[in-house]
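J.: sequence first, predicted model second:
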Number of protein chains: 2
Amino acid sequence: MATIVTTAMSTSPDFPNSSLRARYNGTATEPVVNSTTQRIRETKYRHVFATHSQQRTSCLSADAEKTPSFVGFRNLMILVLLVSNLRLMIENFRKYGVLICIHCHDYRRQDVIYGAVLYLLVPLHLGIAYLIEVAAAKQAISAMERVKKSGEDRDSPEMQERARRSFNMTWRFVAFFHGVNATFNLIIATTVVYYHIHHPGIGTLCELHAVIVWLKTCSYAFTNRDLRHAHLHPNKAQPLPEIYASCPYPKNINFRNMCYFWWAPTLIYQPVYPRTSHIRWGFVFRHALEVVMLSIVIWIASAQYAAPLLQNSLDKMFTLDFVSIAERIMKLSTISVFCWLCGFFALFQSFMNALAEIMRFGDREFYGEWWNVDNIRSYWTTWNKPVTNFMRRHVYSPLVGRGCPPAVAQIIVFFISGVLHELLVGIPTHNVIGVAFAGMMFQIPLIILTDSIQKVRGIDGKVAGNMIFWVSFCLVGQPLAALLYFFAWQAKYGSVSKQWQQSPAASAINFLRR
Amino acid sequence: MATIVTTAMSTSPDFPNSSLRARYNGTATEPVVNSTTQRIRETKYRHVFATHSQQRTSCLSADAEKTPSFVGFRNLMILVLLVSNLRLMIENFRKYGVLICIHCHDYRRQDVIYGAVLYLLVPLHLGIAYLIEVAAAKQAISAMERVKKSGEDRDSPEMQERARRSFNMTWRFVAFFHGVNATFNLIIATTVVYYHIHHPGIGTLCELHAVIVWLKTCSYAFTNRDLRHAHLHPNKAQPLPEIYASCPYPKNINFRNMCYFWWAPTLIYQPVYPRTSHIRWGFVFRHALEVVMLSIVIWIASAQYAAPLLQNSLDKMFTLDFVSIAERIMKLSTISVFCWLCGFFALFQSFMNALAEIMRFGDREFYGEWWNVDNIRSYWTTWNKPVTNFMRRHVYSPLVGRGCPPAVAQIIVFFISGVLHELLVGIPTHNVIGVAFAGMMFQIPLIILTDSIQKVRGIDGKVAGNMIFWVSFCLVGQPLAALLYFFAWQAKYGSVSKQWQQSPAASAINFLRR
């Protein structure tokens, strides 16, 4: 009790505050009767102290000297968010009880079998690509030896022209086989998932695996093409990156190199990657545990909170009650943001780092500070670096290099992304409704918008851009997309499909189709 | 469209980024084919670019070089709060419709009459205090003249002893009259509000007015006592504050000076205050408008959102369903925090500044950055500076000066605060249940707690202290108190008073009383 000393005196101009502050901080050791108290006792006229002795402004006034800090309000926001969501959890529990069911499953045995088969088959295409490259490398080496034996001058214009035509014809063959291989990969996987794997979760994993292998195959083919060309036409003015020197073409075409690429946490092929020295198994274990825990959290959040919410939205969508639909989207947005953030962390931070550690992969920059972006363009180049690196190296850069205007090249990148997103979302849900594709293409006007915002005077362009990003993605975009795909699923498979046929929404959509 | 240039290239180490950045910022004027695009076009092997050329960490990893910024998440928190509360507003509207009724009122004609009468009568006590001081000043002046005429040595020990006894006896008379005057003020107002003014809003305004005048009267009495003593016993070693020099005792005892003190936005009396030069009527108008708008907002928030919530809590309180009560408190806490912040701004920022501007009162420091405090003690000395100044000058400082340990003096300050809070809350609601008083006294263990938190290693003491402050005040303390007083009101006057008699909660309370 004796240590309760008010700091009120310490701010008064007539009293020293150093010893008092020492007491306040608990660093002083003298008894409590300090010099301030002593001074108070020596002052006779305590009731006349001139508290108001100078002009001062209120700290929230416009004419205050300095803007006050609002750190306390950030803490309050965190607390209010926690409390209001805890309340919603209590309300949910009272309404629905425990909806999580560990033992029940709604996937069919057929789903698991097809999924396992695809998991084993899909990587074979990478193996086939490897074999194609082996053949191409052999052909390149034998072509070089023929030229040497013939003794002709390699640098003569005639020889260069023949070499160019020969290379291009070879490349057409190689590209054809690669194209067939990669396309078959995607077609087979897509068909199997669409027609034979009912459960959307298993379907999504299979489709994701197929798309990843497709991208890797393309990268393998393109990179080796350029490496082969550089090998056949050594040109000192165009040196290859130094890091590749330890494994020059065609030494990189070997099974072990291809297997490393298959498992490496990247979509772009390099003969050599920056490597770490050893595997920290503690690191791997920690990150693997994070993946497991976050997956459980996401599963609970979806089953307990998102699922009933989506179910409750169905009848609102039937009757096209837009205010209610908006209210459902707003409620879904909180769960959606939460699951999105957990999922991002689980995949890009925990899983990718664990995989990179096992593979001793040195470049761990899988994402940037995407949450701080002030325009939509930065978001797309920041949140998913593996895909950004692929698009930049194998789509954007070659297109621009061939004279394509950069703006058009960017639109093409978004187009390809849109198609891939639609494959990843529409195929497993068996409803290729084009929402994911449209969402990707809609990024282009959003980029124009956020760019214009930066130039408007009088508002904080960075904060406005960041707010637009969050609203368009996490508060409108994702929950709306989730709702539409869920609704499409229910309309196709759910118990409400009859109800759907007779609803105003169905009539509206049928009318629009005519 | 031509301005859509990806910034992806700008971060690659092999390319210059200055011209590209110029284009990104919209500050460049050359055509889009910039040096970067040109360089891309000159590079032959685009598919072999070494994207992964160095070891890097993920920015959220523990071994990252620097902690990333999380500003984007602050923006997200603001958006999620806005969206979730907007959703609750839609849900409320659907459940209850518009509950605000501009024309209906639930105060009686008698309330208004009594309120008006009190509004006129209460300040009379300040006038009576003024008259008492006039008499005291006259007595002091005539005492001085007697001593001068008698020609005796003022500084002799005998004369000093007689002077001291004479002053103390006079002071006892003066203090007695002041005490009777001030006590009657409070007794009359309290009695009228408790027994005759039904509406708690009008009652609170009257009680607040009475308490403010009571505090001002005390300050007037104490300050003039010390001024009178200093006047009678001039002592160069104890100079009065310089700012008082322009109006020395007893010149300050005049009607105009007392009226200024009556209206000044402060509770402590000074013969002279720091003054501004002129009234900025635009400033006054803006702040008055803020008061009106915020009052309307608070009224809407209470009527539309808080009132139904409180009503819904009643049956939960009857059955002592603690989980539900906790859920209600959590829902109420958001409205409570909102109303608290609006009310604080309306009173301490807008109203006090408007009043200070009209009175040309110079010291506008009515509050500090209380939202950032990291311990409860700082909160109490920061959020309400007029009361803090009063307590410090007229209670804490004199007690410590007389040898009271500072800790005990602080407890006494909280005790007086507790009594005043109970008057302000319990009297207008006609239920002196002691919750407000207990809440004030509970600050003392909270202060001990937050002080101990500062010393715990391993946690951020400032953030923890700030969180404890917010939770104890705005998320638990205020909504719980509001619920209890509302419930007490309903049990006394509401339609549920019979239901209350038969409820388990009533049985529990009756049992505790035996």
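T.: Perfect, thanks for sending it.

J.: show me where the stretch 201-350 of chain A has its strands.
T.: Remark: no strands are assigned in the stretch 201-350 of chain A by DSSP state E, counting those that start in this stretch.

J.: list, one by one, the residues from it near chain B.
T.: Residues of the stretch 201-350 of chain A lying close to chain B by CB under 8 Å from any CB of the partner chain are A:219, A:222-223, A:225-227, A:229-230, A:235, A:238, A:240-244, A:266, A:268, A:270, A:273-274, A:276, A:323, A:326-327, A:330-331, A:333-334, A:337, A:345, A:348-349. Every residue, glycine included, has its C-beta placed from N, CA and C.

J.: pLDDT weak spots in the stretch 1-150 of chain A?
T.: A:1-45, A:103-105 (pLDDT under 70).

J.: let's see 90
T.: A:1-50, A:62-67, A:90-113, A:115, A:117-127, A:135-150 (pLDDT under 90).

J.: what about the helices in it?
T.: With helices called from DSSP state H, counting those that start in this stretch, the stretch 1-150 of chain A shows them at A:18-24, A:35-42, A:71-96, A:109-121, A:124-150.

J.: list the buried ones in the fourth one?
T.: Residues of helix A:109-121 classed as buried under the neighbour-count rule (16 or more other CB atoms under 10 Å in any protein chain shown) are A:111, A:114-115, A:118.

J.: quick one: which of those is nearest chain B?
T.: Of all these, residue A:118 has the smallest distance to chain B: 28.4 Å, by CB to the nearest CB.

J.: contacting residues around the closest one?
T.: Counting by CB atoms under 8 Å, 6 or more residues apart in numbering or on different chains, residue A:118 makes contact with A:189, A:192-193, A:206, A:209-210.

J.: mind putting these in TSV, neighbour count and pLDDT included?
T.: Shown next, in TSV, are the contacts of residue A:118 (neighbours: other CB atoms under 10 Å in any protein chain shown; pLDDT from 0 to 100):
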residue	neighbour count	pLDDT
A:189	26	91
A:192	21	91
A:193	26	90
A:206	25	90
A:209	17	92
A:210	27	93
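
J.: tell me the two of those residues that are most distant?
T.: Greatest spatial distance among those (CB to CB): A:192 and A:209, at 11.6 Å.

J.: kindly format the C-alpha coordinates of stretch A:245-259 as PDB.
T.: What follows is stretch A:245-259, C-alpha atoms only, in PDB (Å, rounded to 0.1, in the frame of the first residue of the first chain):
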ATOM      1  CA  ALA A 245      28.200 -22.500 -63.900                       C
ATOM      2  CA  SER A 246      28.500 -25.500 -61.600                       C
ATOM      3  CA  CYS A 247      26.000 -27.500 -63.600                       C
ATOM      4  CA  PRO A 248      26.200 -26.600 -67.300                       C
ATOM      5  CA  TYR A 249      23.900 -27.900 -70.000                       C
ATOM      6  CA  PRO A 250      23.500 -30.800 -70.800                       C
ATOM      7  CA  LYS A 251      24.900 -32.000 -67.400                       C
ATOM      8  CA  ASN A 252      21.700 -30.800 -65.700                       C
ATOM      9  CA  ILE A 253      19.500 -33.300 -67.600                       C
ATOM     10  CA  ASN A 254      19.700 -36.100 -65.100                       C
ATOM     11  CA  PHE A 255      17.200 -37.900 -63.000                       C
ATOM     12  CA  ARG A 256      18.400 -36.600 -59.700                       C
ATOM     13  CA  ASN A 257      18.300 -33.000 -60.900                       C
ATOM     14  CA  MET A 258      14.700 -33.500 -62.200                       C
ATOM     15  CA  CYS A 259      13.600 -35.100 -58.900                       C
END
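
J.: quick check: mean pLDDT across it?
T.: Mean pLDDT, stretch A:245-259: 90.

J.: quick one: low-confidence ranges for the stretch 401-514 of chain A?
T.: For the stretch 401-514 of chain A, the ranges with pLDDT under 90 are A:401-403, A:407, A:421-422, A:425-426, A:428-465, A:468, A:472-514.

J.: who in it is up against chain B?
T.: A:401-403, A:405-407, A:410-411, A:413, A:444, A:447-448, A:451, A:454-455, A:463, A:466-467, A:470-471, A:474-475.

J.: which of these fall within helices?
T.: A:401, A:406-407, A:410-411, A:413, A:444, A:447-448, A:451, A:454-455, A:463, A:466-467, A:470 (DSSP state H).

J.: show me the contacts of residue A:118 that map onto helices.
T.: Those of the contacts of residue A:118 lying in helices (DSSP H): A:189, A:192-193, A:206, A:209-210.

J.: just to revisit the earlier point, need the contacts of residue A:118 in a markdown table (columns: distance to residue A:317).
T.: Formatted as a markdown table, the contacts of residue A:118 follow (distance: CB to CB, whole Å):
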| residue | distance to residue A:317 |
| --- | --- |
| A:189 | 31 |
| A:192 | 31 |
| A:193 | 26 |
| A:206 | 29 |
| A:209 | 32 |
| A:210 | 31 |
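
J.: for the residues you listed, which one is nearest residue A:56?
T.: Distances from residue A:56 to the contacts of residue A:118, taken by CB to CB, are shortest for residue A:209, at 66.6 Å.
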